[in-house]
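Colleague: have a look; sequence and predicted model below, questions after that.
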Amino acid sequence: MTRAVCPGSFDPVTNGHLDILRRAAAIFDELVVATGTNPSKSRLFEPEARMEMLREACADIPNVTVMGFSGLIVDFCRDIDAQAIVKGLRGGNDYEYELPMAQMNSHLTGVETVFVPTNAALGYVSSSLVKEVASLGGDVSGLVPGFVNDRLRARLAERRAAGA
Ligand code: PNS
């Protein structure tokens, strides 16, 4: 039984994430999507909302579960007995960023990282760009699931109404 963890902020989940999750779920018996918060990134959705969207988006992938975590990802992997971490790679910048973390995580507990190359057609998609484009009135409907697009627009409108 192989269990892998795919960590991220998923703020919000994009079609790029979903492509990686589907392909990783085909490799491992069980894939746990671990939602955390990166303090150096500005956050649009609360953790519970991000997990709700992930659960809905992954509802048709039977071996995927969604959980939240805080602290070190290696500790979370140990707690749930996961042998691998999955990360999607869009290009060289992602690799430069991810490689030392993969090496550190391997050093800390021996957990290995498996890199999955992003589908070339989705290589430019990131949650940050999706939020930026949507907040300036751009159309991101092909880049996130329809219900995520609806929630994104609603949340941005809520923010605007609050003067944020
Ligand atoms: O790629 P993201 O979306 O910024 O990832 C966010 C998150 C919370 C998953 C990431 O920051 C993370 O894995 N944090 C855990 C802290 C940790 O283990 N740090 C040491 C890495 S070597």
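Modeller: Noted; the coordinates are in hand.
Colleague: which residue packs closest to the residue of the chain found nearest the ligand, ignoring adjacent ones?
Modeller: Nearest residue of the chain to the ligand, counting by Cβ to the nearest ligand atom: Gly36, 2.8 Å away. (C-beta placed from N, C-alpha, C; glycine too.) Closest residue to Gly36 apart from its sequence neighbours, by Cβ to Cβ, 6 or more residues apart in numbering: Phe69 at 5.2 Å.
Colleague: ok, now which ones touch that neighbour?
Modeller: Contacts here follow Cβ atoms under 8 Å, 6 or more residues apart in numbering; on that basis Phe69 touches Pro7, Ala34, Thr35, Gly36, Phe76.
Colleague: helix or strand for the second one, which one?
Modeller: This points to Ala34. Assigned by DSSP states H and E, Ala34 belongs to strand 30-35.
Colleague: for that strand, the distance to its chain's centre please.
Modeller: Centroid displacement of strand 30-35 relative to its chain, using Cα atoms, centre = their mean, to the nearest Å, is 9 Å.
Colleague: which residues are contacting it?
Modeller: Counting by Cβ under 8 Å, 6+ apart, 1-10, 21, 24-25, 47, 50-51, 54, 58, 61, 63-69, 73, 76, 80, 82, 86 sit against strand 30-35.
Colleague: could you redo the last one with a cut-off of 6 Å?
Modeller: 3-7, 10, 24-25, 47, 50-51, 54, 63-69, 76 (Cβ atoms under 6 Å, 6 or more residues apart in numbering).
Colleague: circling back: number of nearby residues for the residue of the chain closest to the ligand?
Modeller: When neighbours are counted by other Cβ atoms under 10 Å, Gly36 registers 18.
Colleague: for Arg3, give its distance to Glu96.
Modeller: 28 Å (Cβ to Cβ, to the nearest Å).
Colleague: who has more neighbours out of those two?
Modeller: A direct count of neighbours by other Cβ under 10 Å for Arg3 and Glu96 places Arg3 higher, at 17 against 9.
Colleague: where does the more buried one fall, phi/psi-wise?
Modeller: Torsion angles at Arg3 (phi, psi; degrees, to the nearest 10) stand at phi -120, psi 130.
Colleague: ok, it touching Ile85?
Modeller: No - with contact defined as Cβ atoms under 6 Å, Arg3 does not count as touching Ile85 (10.9 Å).
Colleague: for Val116, which residues are in contact?
Modeller: Per Cβ under 6 Å, 6+ apart, neighbours of Val116: Ile20, Arg23, Ala24, Gly88.
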